[in-house]
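**Student:** Any chance you could fold what I've pasted below:
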Amino acid sequence: MYVLIDDKIEIINDIREKDKLKKSVSKQVLNKYPLGGKREEYIYTRYGKSHVYFYYPLNSKGIYPVFVNLHGGGFVKNHSDMDELFCRKIVNNVGCVVADIDYKTAPEYVFPYALYECYDDIKWIHQNSSKFNIYSDKIAVGGHSAGANISAGITLLANELKEFTLCCQVLDYPVLDLYTDPLAKKGEAKALSAEKEKFYTDMYIKSCDKKNPFASPVFYPEYKLKGMPLSVILTAEFDNFGAETKKYASMLVKNGNEVMMKCFLGSSHGFTIDCREDFKGAQEMIFKALKLSFYD
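**Tutor:** Down below sits the predicted model:
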């Protein structure tokens, strides 16, 4: 499963280093959203150890629901300070535990590595819920961009395999079609160009796998889309993924599933996690949806 691409790895490492600097957050900012505790775990999956951060509310007592966060970054970038900031906001505004998965990235690890690594993490969390003071039947998963793609795949797998139950999936400006050439998509992209999307996609997945429905959920058999959890789907006006996102949302609705969807006008890809444009509205929508799925 380990694939090293010598002529591209230097470019990827440069991208990662620049992204790390861009998304650094001071302790002062992080501490605006205090925690009752933070712990790190290395969970054993079918592909080896997986690094997961757990964030707890202040005055942690009792048992909590859990939101599993999957970071974005075109499948190639690493977990960042901005991801921790977002998770802290979830903890403070929803009152749940957050499990933040620092999954393995491409091109060193290609599809389906991250999908099954994260699936196994959630299965392990479900089986060991008492260890983390969380409800085994109140687990939500979500992510941004590439993380949303993986979240969608996990939700489909969970619905098929019945090894654990999810109460909500949060898909934030998700890429849901890795098969169609990004240059052929008709969205008006600002923050993420079609050329960059194509580069990231080619780093993550082999051509023969691009139509796999767990990588491209728009190709999932519609008749099997029954009994899915609440789906919270956010799109941006200036993004290349709008059409595929609307298509998948329609597929879910047609098969009797509850979907909360909104397109944020004037916003572009990455706005929610990067705290620009209408990020406050997007984050508030996520907070409200998680409260609904956890507590109502």
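
**Student:** which one is Asp137 nearest to, not counting chain neighbours?
**Tutor:** Of all residues not flanking Asp137 in the chain, Thr165 sits nearest, at 6.1 Å (C-beta to C-beta, 6 or more residues apart in numbering). Where C-beta positions appear, they are placed from N, C-alpha and C, glycine not excepted.

**Student:** Now do the contacts for that neighbour.
**Tutor:** Asp137, Ile139, Ala158, Pro229 (C-beta atoms under 8 Å, 6 or more residues apart in numbering).

**Student:** at 10 Å instead, please
**Tutor:** His126, Ser136, Asp137, Lys138, Ile139, Ala158, Asn159, Gly227, Pro229 (C-beta atoms under 10 Å, 6 or more residues apart in numbering).

**Student:** Buried members of those residues into PyMOL, please.
**Tutor:** Only the buried entries of these go into this PyMOL selection, using 16 or more other C-beta atoms under 10 Å:
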select buried, resi 126+136+138+139+158+159+229
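
**Student:** Looking at the contacts of Thr165, point me to the pair that's furthest apart.
**Tutor:** The most widely separated members of these, counting by C-beta to C-beta, are Ser136 and Gly227 (18.1 Å).

**Student:** how about low-confidence regions in the protein?
**Tutor:** 1-7, 187-188 (pLDDT under 70).

**Student:** So which residues of it form strands?
**Tutor:** 37-45, 48-56, 64-70, 97-102, 134-144, 168-172, 230-238, 259-268 (DSSP state E).

**Student:** would you turn those into a markdown table with distance to Ser151?
**Tutor:** Conversion of the strands of the chain to a markdown table gives the following (distance: least, C-beta to C-beta, whole Å):
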| stretch | distance to Ser151 |
| --- | --- |
| strand 37-45 | 16 |
| strand 48-56 | 15 |
| strand 64-70 | 5 |
| strand 97-102 | 10 |
| strand 134-144 | 4 |
| strand 168-172 | 6 |
| strand 230-238 | 10 |
| strand 259-268 | 14 |
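
**Student:** Nearest approach to Leu192 belongs to which of those strands?
**Tutor:** Each of the strands of the chain has some distance to Leu192 by C-beta to C-beta; the shortest is strand 259-268, at 7.8 Å.

**Student:** Return the distance of the closest one from the chain's centre.
**Tutor:** Distance of strand 259-268 from its chain centroid, counting by C-alpha atoms, centre = their mean, to the nearest Å, is 16 Å.

**Student:** The nearest residue to Glu160 once chain neighbours are set aside: what's it in contact with?
**Tutor:** Nearest residue to Glu160, sequence neighbours excluded (C-beta to C-beta, 6+ apart): Lys224, at 7.2 Å. The contact partners of Lys224, by C-beta under 10 Å, 6+ apart, come to Leu156, Asn159, Glu160, Pro213, Asn255.

**Student:** Out of these, which end up buried?
**Tutor:** Using 16+ other C-beta under 10 Å as the burial test, the contacts of Lys224 include Leu156, Asn159 as buried.

**Student:** Present the contacts of Lys224 as TSV; the columns should include distance to Asn149.
**Tutor:** TSV is the format used below for these (distance: C-beta to C-beta, whole Å):
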residue	distance to Asn149
Leu156	11
Asn159	16
Glu160	17
Pro213	12
Asn255	20
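
**Student:** Out of the contacts of Lys224, which sit inside helices?
**Tutor:** Counted as lying in helices by DSSP state H, out of these, are Leu156, Asn159, Glu160.

**Student:** of all those residues, which comes closest to Ala189?
**Tutor:** After measuring these against Ala189 - C-beta to C-beta - the closest member comes out as Leu156, at 25.9 Å.

**Student:** Provide a list of residues in contact with the closest one.
**Tutor:** Contacts of Leu156 (C-beta under 10 Å, 6+ apart): Leu115, Gln169, Pro213, Phe214, Pro217, Tyr220, Lys224, Leu225, Met228.

**Student:** Looking at the residues you listed, which one is closest to Glu40?
**Tutor:** Distance to Glu40 across these (C-beta to C-beta) is lowest for Leu115, with 22.1 Å.

**Student:** Quick one: neighbours of that closest one, just the number.
**Tutor:** 21 (other C-beta atoms under 10 Å).

**Student:** With adjacent residues omitted, what lies nearest to it?
**Tutor:** Leaving out its chain neighbours, the residue that sits closest to Leu115 by C-beta to C-beta, 6+ apart is Gly153, at 4.9 Å.

**Student:** neighbours around the one you found, how many?
**Tutor:** For Gly153, the count of nearby residues is 25 (other C-beta under 10 Å).
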